[in-house]
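Undergrad: this one's sequence-less:
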Ligand SMILES: Cc1cc2nc3c(=O)[nH]c(=O)nc-3n(C[C@H](O)[C@H](O)[C@H](O)COP(=O)(O)OP(=O)(O)OC[C@H]3O[C@@H](n4cnc5c(N)ncnc54)[C@H](O)[C@@H]3O)c2cc1C
């Protein structure tokens, strides 16, 4: 049985190739931090695994000791699933190998890499795989969630480019999974999160992405602009994916001072295609209103991930849902609530889906929301921990007011919201099928610090 005693830790050190970080070690406090500043947990030990055999060893140790196991990739889970209170953290950060086969247009990537690191390396070959909107997110966590980002309408979700994976399952075995080998597990990891094992390597399809037009467009937020923005995004060619945040303009140096604190649509447009076609696709958005700021231009694709502040750990409250349409009433509701928000940063993010996402059958992967038209994320970032209930209440109320018949949820943006919301991420037959696969590969629910799918009876 592992405890935090020096003997157990030194035994662990002698058996593993990677770094073992105990509570008394320098660096422990940094190593236990995750992206969300609301999470402050003290694991018994953090293991920075060096290879798949370390992963198997740590998984077996968790199984035999009964200690809670946290699997940490990029650390961006809103619920803080990358760190355990009193348990073992299996930290993938040192698994950083990336083998790009430019001729074959595929890449094998270890799961300690971030989306930004992978994207920069692939762009050196004029190639890309789509991840999300933030470079520091881990490729493991986002891929296992589904992956909704700037190439989503052109190339689909990240999982639509996942060709194979290597996964250490609860019994400590390293399995190679793809459409032919362990197809049930391959189906489940494409959207089912970290429930089924530790993905050590992922094989992705790469797409040619020579020319890219993208960047930020800042528009004044009125109900008309919001409604017409969404309509334009739905009408746009699949090459164009958009993420539009309705929010109070932050006092950033590049935002003209007279707009600070005013309601704006801060949109990122992303056109994966030729320059002229990109300019044509972006034109309807530029015409919605006189832009406050127009930074849309031809640029290297990795520049879509701007540098992020060091050691940035916001206190976030987030609710995610899908809607079928954004009408004037909904736009007014968004603006009214944002106008009354008291958080340092409050936003409603609208992501029009469709395109390649919707061309994959709903039961082809564990991400079942193929026909959902628009993802809506309501978020508040606040500064005082004792204000959590206030801001959680605000996001819940606005998300509730925006609710439409599509009551689904994207697992990647779920916080610690309870079983009903996890079920919303896996509607109908998807849940039952996932529970069956879970029973086969993790019958004791060793991998439970996640958006959990308990094994079927
Ligand atoms: C600022 C921000 C922006 C985001 N933007 C987007 C976006 O645009 N699109 C999108 O789709 N999502 C987005 N997300 C959601 C993000 O994809 C998920 O939170 C994802 O799970 C984070 O992965 P991670 O590895 O960084 O986090 P972690 O906290 O390390 O892991 C998250 C979960 O995945 C599990 N996990 C991670 N890696 C592995 C692995 N290799 N094997 C097994 N289990 C693993 C963990 O156990 C945990 O349960 C965003 C999140 C944040 C905080």
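TA: Arrived safely, thanks for sending. Predicted model, so just to flag it, every value in this text is computed and none were measured. Residues are numbered from 1 along each chain as shown.

Undergrad: Can you report how many residues lie near the closest residue to the ligand within the chain?
TA: Relative to the ligand, the nearest point of the chain is residue 141 (1.8 Å; C-beta to the nearest ligand atom). All C-beta atoms are positioned from the backbone trio N, CA, C, and that covers glycine. Applying other C-beta atoms under 10 Å, we find 27 residues neighbouring residue 141.

Undergrad: Confirm that it sits in a helix.
TA: Yes - counting by DSSP: H, G, I helix; E, B strand; the rest coil, residue 141 falls inside a helix.

Undergrad: dump the residue contacts of it.
TA: 73, 74, 76, 77, 82, 194, 412 (C-beta atoms under 8 Å, 6 or more residues apart in numbering).

Undergrad: center of the chain - which residue?
TA: Closest to where the C-alpha atoms of the chain average out (C-alpha atoms, centre = their mean) is residue 142, at 4.1 Å.

Undergrad: In strands, which of the contacts of residue 141 fall?
TA: Secondary structure defined by DSSP state E assigns none of the contacts of residue 141 to strands.

Undergrad: Flag every residue of the stretch 51-200 of the chain that's near the ligand.
TA: Remark: the part of the stretch 51-200 of the chain in contact with the ligand comprises 71-77, 81-82, 92, 111, 132-134, 137-138, 140-142, 144-149, 193-194, 198-199, using C-beta under 6 Å from any ligand atom.

Undergrad: Okay, residue 161 and residue 154: tell me how far apart.
TA: Per C-beta to C-beta, to the nearest Å, residue 161 is found 11 Å from residue 154.

Undergrad: Sorry, slip of the keys, the one I care about is residue 127.
TA: 14 Å.

Undergrad: what touches both of these two?
TA: Listed as contacting both residue 127 and residue 154 by C-beta under 8 Å, 6+ apart are residue 207.

Undergrad: quick one: common contacting residues for residue 161 and residue 154?
TA: 130, 207.

Undergrad: Give me the neighbour count for residue 292.
TA: Residues near residue 292, counting by other C-beta under 10 Å, number 18.

Undergrad: For the closest residue to it other than its chain neighbours, which residues count as its bridge partners?
TA: Excluding the flanking residues, the one nearest residue 292 by C-beta to C-beta, 6 or more residues apart in numbering is residue 218, at 4.3 Å. Note on residue 218: beta-bridge partners residue 266, residue 293, judged by DSSP bridges.

Undergrad: wait, isn't residue 218 in contact with residue 249?
TA: Yes - Residue 218 lies in contact with residue 249 (C-beta atoms under 8 Å); the separation is 7.3 Å.

Undergrad: When those two are compared, which one has more neighbours?
TA: Between residue 218 and residue 249, residue 249 has the larger neighbour count (other C-beta under 10 Å), namely 22 against 19.

Undergrad: just checking, the more buried one touches residue 258?
TA: No - look at residue 249 against residue 258 with C-beta under 8 Å: they stay out of range, at 9.6 Å.

Undergrad: How is residue 415 classified with respect to secondary structure?
TA: Residue 415 - assigned by three-state DSSP - is coil.

Undergrad: list the contacts for it?
TA: Contact analysis of residue 415 by C-beta under 8 Å, 6+ apart lists 78, 79, 317, 318, 319.

Undergrad: Report the separation between the closest residue to it other than its chain neighbours and residue 34.
TA: Spatially, and ignoring its direct neighbours in sequence, residue 415 is nearest to residue 78 (4.3 Å; C-beta to C-beta, 6+ apart). Remark: distance between residue 78 and residue 34 (C-beta to C-beta) = 10 Å.

Undergrad: Number of residues surrounding the residue nearest to residue 274 when sequence neighbours are not counted?
TA: Among residues not flanking residue 274 along the chain, residue 211 sits closest, at 5.4 Å (C-beta to C-beta, 6+ apart). Residues near residue 211, counting by other C-beta under 10 Å, number 18.

Undergrad: all helices for the stretch 201-350 of the chain, in order.
TA: Counting by DSSP state H, counting those that start in this stretch, one finds helices in the stretch 201-350 of the chain at the ranges 223-235, 275-286, 328-340.

Undergrad: Could you give the average pLDDT over the last one?
TA: In other words, helix 328-340. What helix 328-340 shows for mean pLDDT is 97.

Undergrad: Report the inter-axis angle for that helix versus helix 223-235.
TA: 120 degrees (axes from the mean of the first three to the mean of the last three C-alpha atoms, to 10 degrees).

Undergrad: Contacts made by helix 328-340 with the rest, please.
TA: 221-224, 226-227, 246-248, 263, 323, 346-348, 394, 397-398, 401-402.

Undergrad: So what touches the helix or strand hosting residue 56?
TA: Under the criterion of DSSP states H and E, residue 56 resides in helix 52-65. Residues outside helix 52-65 that contact it (C-beta under 8 Å, 6+ apart) are 1-2, 12, 15-18, 47, 49, 67-69, 87-88, 90, 166, 168-174, 197-198, 200-201, 444, 446.

Undergrad: quick one: which of those residues sit in strands?
TA: Using DSSP E, the contacts of helix 52-65 in strands are 47, 69, 88, 90, 166, 168, 174, 198, 200, 201.

Undergrad: picking that back up, export the helices of the stretch 201-350 of the chain to a markdown table and append columns for distance to the ligand and mean neighbour count.
TA: Formatted as a markdown table, the helices of the stretch 201-350 of the chain follow (distance: least, C-beta to the nearest ligand atom, whole Å; neighbours: other C-beta atoms under 10 Å):
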| stretch | distance to the ligand | mean neighbour count |
| --- | --- | --- |
| helix 223-235 | 15 | 19 |
| helix 275-286 | 19 | 17 |
| helix 328-340 | 19 | 16 |
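
Undergrad: possible to save those helices as CSV with distance to residue 352?
TA: Below are the helices of the stretch 201-350 of the chain laid out as CSV (distance: least, C-beta to C-beta, whole Å):
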stretch, distance to residue 352
helix 223-235, 4
helix 275-286, 12
helix 328-340, 14
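
Undergrad: between those, which one is nearest to residue 357?
TA: Nearest of these to residue 357, taken as C-beta to C-beta: helix 223-235 at 12.7 Å.

Undergrad: What mean pLDDT does the closest one get?
TA: The model assigns helix 223-235 a mean pLDDT of 98.

Undergrad: Show me what it is packed against.
TA: With contacts taken as 3 or more C-beta pairs under 8 Å, 6 or more residues apart in numbering; DSSP states H and E, helix 223-235 sits against strand 240-248, strand 263-272, helix 275-286, helix 328-340, strand 345-352.

Undergrad: Please list all residues in contact with the residue nearest to residue 255 when sequence neighbours are not counted.
TA: Nearest non-adjacent residue to residue 255, counting by C-beta to C-beta, 6+ apart: residue 249, 5.2 Å away. Counting by C-beta under 8 Å, 6+ apart, residue 249 touches 218, 255, 259, 260, 261, 262, 263, 264, 266, 292.
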